[in-house]
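Trainee: attaching a predicted model along with its sequence, questions to come.
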Amino acid sequence: MALLTLSWTHIGLGLAALIIATLARAVYRLTLHPLAKFPGPKLAAVSYKYEFFYDGIRPGTYNSHIALLHATYGPVVRINPSELHISDPRFIDTLYAVGGRRRDKSAYFLNAFGSIAAMSGFATPGHEHHRLRRAPLNRFFSRASIARLEPLVHELAQRLCDRLLAWEGRGSFDVAMAYSCYTTDVITAYCFGQAHGFLDREGGGWEPNLRPAIHAGCRTLPVMRQWPWIFSIINSLPDALAKAMDPDLAIWIDHLNALTAHIGTIKARFDKGGKADLPESVFVELLQSDLPDAEKTVPRLGAEASSLISAGTETTAWTLSVLTFHLLDKPAMLERLTGELDRAAPDPKRLPPWASLERLPFLSACILEALRLSYGVATRLARVAPDEDLVYEGKGVRYVIPRGTAVSMANPLIHHNEEIFPEPLEFVPERWLDGKGGRRRDLEGYLLSFSKGSRQCLGMNLAYAELYVGAAAVVLRVLPRMELVETTVRDVRYHHEVFIPAVDPESKGVRVAIKA
Ligand code: HEM
């Protein structure tokens, strides 16, 4: 009985201490915290659970709520205890700065990705460490490198078209699944020296592919961000159990295991001096770089590979899906684009190089508009300036943001800004043209799909090559025979975000069929 009394006393004292500590932290966050003077809801300033309510419980709706907060509080809003959100496109170049200006990623943002992803460049918090990791990859993804390996992209784009046309008579399918097979094959062929082979599958089906796993993984991010220790539990589960818990994950786990084995073989051969026989790949590029040995382990190379696949497959596939929907939905637009492409590429099976396709104004305008309405990453992308106070001045207010603060912007909010993009929800490629046949480069500064600055998308050149070559091939060879099936603008329109953009949960996808 004495023991019981003692333990109840302990529990009571423990609870009281917890309540006092929580209250003290809330008072601190509202009064003495460096962000205390910034406008925003008090609950958001006090607790990260305010954000979680919108991101986790009403999944992915914090962006839309933040838009409302800006209407009430102005262009700078404190959206959680440690982060400010800015709704002003003129701040893009200050936040996502280039040159010698250091920008870290916020630790809170990276919580969501766990300790394995932390070995990748994408999830490296510190500016210097990130630069070290990214330097050898920059060359691999430069324009010149992509142009050299471009025949690979052409070959896979043509194979995609063959597969799409062969679908005739097989009913409707979600075209995003087909594009996911194309983008996965391109990335695995380009980065890892061997295509995954989704486009070569017996029977020509599109599934299974990595898309459902990527979406399933993305949906967990708000929970992981709040309680990152869940990762250690998941990582300790045997593969069989993890696969049984979520069948979408099975293909992802199998894919990563195969990739890790592949990396192990490459590293063993490289270490034995066999570099000359190894096909070009991102791993060879990293292994022969002057990175320290600790950066060349198999688990780290695996994390980098997994980040490339997660970052590069769905983003590009979704941009192509958005483009396909709008072209099929607007026959006059498709006719104009087809005319331009017909003149530039008389033989659709032998397309001009990416550099020539980029010079076609209407094709470029269509791709830019598809990028605008597919957003790339749709969640808030925060940056931390560790050694400079950032000054925001505009819309009648001036704030000095203390160094070390996480400051974010969200692509959908910028891309839906009516002052820059009138009728923002409409697909209007002409907005990117200057009326004299040229591109409006001034407007392109507001396209945030690839982000900007030191953390800008690493795969941007590869993505553009895939988009230009893939779109040209599909427009000329497949769209004349493709039709939408029970698909409306609802099936591509931004509804909420799960890191990447997400459409109405009732959507059945961008369904299309191939006519005879
Ligand atoms: C339409 C296609 C694409 C879009 C819109 C896109 C968008 C983005 C964005 C917005 C970021 C910044 C994320 C952040 O700040 O946290 C990013 C980073 C990244 N992307 Fe892409 N991406 C695309 C295609 C690709 C491809 C094809 C690859 C790889 C082959 C790729 C690899 C990466 C990597 C590795 C990062 C992290 C870069 C770093 O932090 O150094 N992306 N991408």
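Mentor: Arrived safely. Numbering: from 1, shown residues only.

Trainee: near the ligand, which residues of this protein show up?
Mentor: For the chain, the contact set with the ligand under CB under 6 Å from any ligand atom comprises 121-122, 134, 187, 191, 307-308, 311-312, 315-316, 319, 376-377, 381, 449-451, 455, 457-459, 462-463. Quick note: C-beta positions are derived from backbone N, CA and C, even for glycine.

Trainee: looking at those residues, which are in strands?
Mentor: Residues of the residues of the chain next to the ligand located in strands (DSSP state E): residue 381.

Trainee: what number of residues lie near residue 352?
Mentor: A count of nearby residues for residue 352, using other CB atoms under 10 Å, gives 19.

Trainee: list the contacts of residue 45.
Mentor: Neighbouring residues of residue 45 by CB atoms under 8 Å, 6 or more residues apart in numbering: 29, 30, 33, 35, 36, 78, 80, 81.

Trainee: quickly find the element holding it.
Mentor: helix 42-46 (DSSP states H and E).

Trainee: quick check: mean pLDDT across that helix?
Mentor: On average, the pLDDT along helix 42-46 is 98.

Trainee: would you put the C-alpha positions of that helix in CSV?
Mentor: Coordinates of each C-alpha in helix 42-46 appear next as CSV, following Å, rounded to 0.1, in the frame of the first residue of the first chain:
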residue,chain,number,x,y,z
LYS,A,42,-1.6,32.5,-30.7
LEU,A,43,-2.2,28.7,-30.8
ALA,A,44,0.2,28.4,-33.8
ALA,A,45,2.9,30.3,-31.8
VAL,A,46,2.4,28.0,-28.8
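
Trainee: doesn't residue 141 make contact with residue 459?
Mentor: Yes. The criterion here is CB atoms under 8 Å, and residue 459 meets it with residue 141 at 5.8 Å.

Trainee: if I read this right, residue 217 contacts residue 251, doesn't it?
Mentor: No. Contact criterion CB under 8 Å: residue 217 and residue 251 do not qualify, at 11.8 Å.

Trainee: residues near residue 39, how many?
Mentor: For residue 39, the neighbour count with other CB under 10 Å is 17.

Trainee: how about the contacts made by it?
Mentor: 73, 74, 76, 77, 78.

Trainee: which among these gets closest to residue 480?
Mentor: Taking CB to CB as the measure, residue 480 lies nearest residue 77 of those, at 48.0 Å.

Trainee: tell me the contacts of that closest one?
Mentor: Each residue near residue 77 by CB under 8 Å, 6+ apart is listed here: 38, 39, 40, 66, 69, 70, 84, 85, 87.

Trainee: just confirm it is within a strand.
Mentor: Yes. Counting by DSSP: H, G, I helix; E, B strand; the rest coil, residue 77 is part of a strand.

Trainee: from residue 496, how far out is it?
Mentor: Going from residue 77 to residue 496 by CB to CB, to the nearest Å gives 19 Å.

Trainee: please identify the helix or strand for residue 26.
Mentor: Here residue 26 is assigned to helix 2-31, by DSSP H and E.

Trainee: helices or strands up against that helix?
Mentor: Packing partners of helix 2-31 (3 or more CB pairs under 8 Å, 6 or more residues apart in numbering; DSSP states H and E): helix 42-46.

Trainee: what are the buried residues along whichever helix or strand comes after the helix it packs on?
Mentor: Remark: after helix 42-46, the chain's next helix or strand is helix 49-52, criterion DSSP H and E. Under the neighbour-count criterion of 16 or more other CB atoms under 10 Å, helix 49-52 has 50, 51, 52 buried.

Trainee: OK, contacts around the first one?
Mentor: So that's residue 50. By CB under 8 Å, 6+ apart, the residues touching residue 50 are 41, 43, 44, 80.

Trainee: repeat that for the second one.
Mentor: With contacts defined as CB under 8 Å, 6+ apart, residue 51 is in contact with 44, 62, 79, 80.

Trainee: could you dump those to a markdown table with neighbour count and distance to residue 179?
Mentor: Output for these, formatted as a markdown table (neighbours: other CB atoms under 10 Å; distance: CB to CB, whole Å):
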| residue | neighbour count | distance to residue 179 |
| --- | --- | --- |
| 44 | 25 | 37 |
| 62 | 27 | 28 |
| 79 | 27 | 33 |
| 80 | 25 | 34 |
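
Trainee: what is the nearest of those to residue 408?
Mentor: residue 79 (7.5 Å).

Trainee: still on that earlier bit, okay, among the contacts of residue 39, which ones form the most distant pair?
Mentor: Across the contacts of residue 39, no pair lies farther apart than 74 and 78, at 11.2 Å, counting by CB to CB.

Trainee: who has more neighbours, the two?
Mentor: residue 78 (24 against 18).

Trainee: identify the residues contacting the closest residue to the more buried one other than its chain neighbours.
Mentor: With CB to CB, 6 or more residues apart in numbering as the criterion, residue 78 has its nearest non-adjacent residue at 3.6 Å, and that residue is residue 40. Residue 40 sits next to 69, 73, 77, 78, 79 when contact means CB under 8 Å, 6+ apart.

Trainee: repeat the analysis, applying 6 Å as the threshold.
Mentor: Contact analysis of residue 40 by CB atoms under 6 Å, 6 or more residues apart in numbering lists 73, 77, 78.

Trainee: and the residue of this structure that's closest to the ligand?
Mentor: Going by CB to the nearest ligand atom, the ligand is nearest to residue 459 of the chain, at 2.1 Å.

Trainee: burial count for the closest residue in space to that residue that isn't next to it in sequence?
Mentor: The shortest distance from residue 459 to any non-neighbouring residue, by CB to CB, 6+ apart, is to residue 312 (4.7 Å). Residues near residue 312, counting by other CB under 10 Å, number 24.

Trainee: residues contacting residue 380?
Mentor: Going by CB under 6 Å, 6+ apart, the list of residues near residue 380 reads 408, 410.

Trainee: pLDDT-wise, which helix or strand of this protein ranks last?
Mentor: helix 239-245 (a mean of 83; mean pLDDT, DSSP states H and E).

Trainee: next, the buried residues of the helix or strand following that one.
Mentor: From helix 239-245 onward toward the C-terminus, using DSSP H and E, the following helix or strand is helix 247-271. By neighbour count with 16+ other CB under 10 Å, helix 247-271 contains the buried residues 248-252, 255-256, 259-260, 262-263, 266-267, 270.

Trainee: before we move on, what about stretch 327-341?
Mentor: Neighbour counts over stretch 327-341 (16+ other CB under 10 Å) mark 327, 328, 333, 334, 336, 337, 338, 340, 341 as buried.

Trainee: thanks a lot, see you next time.
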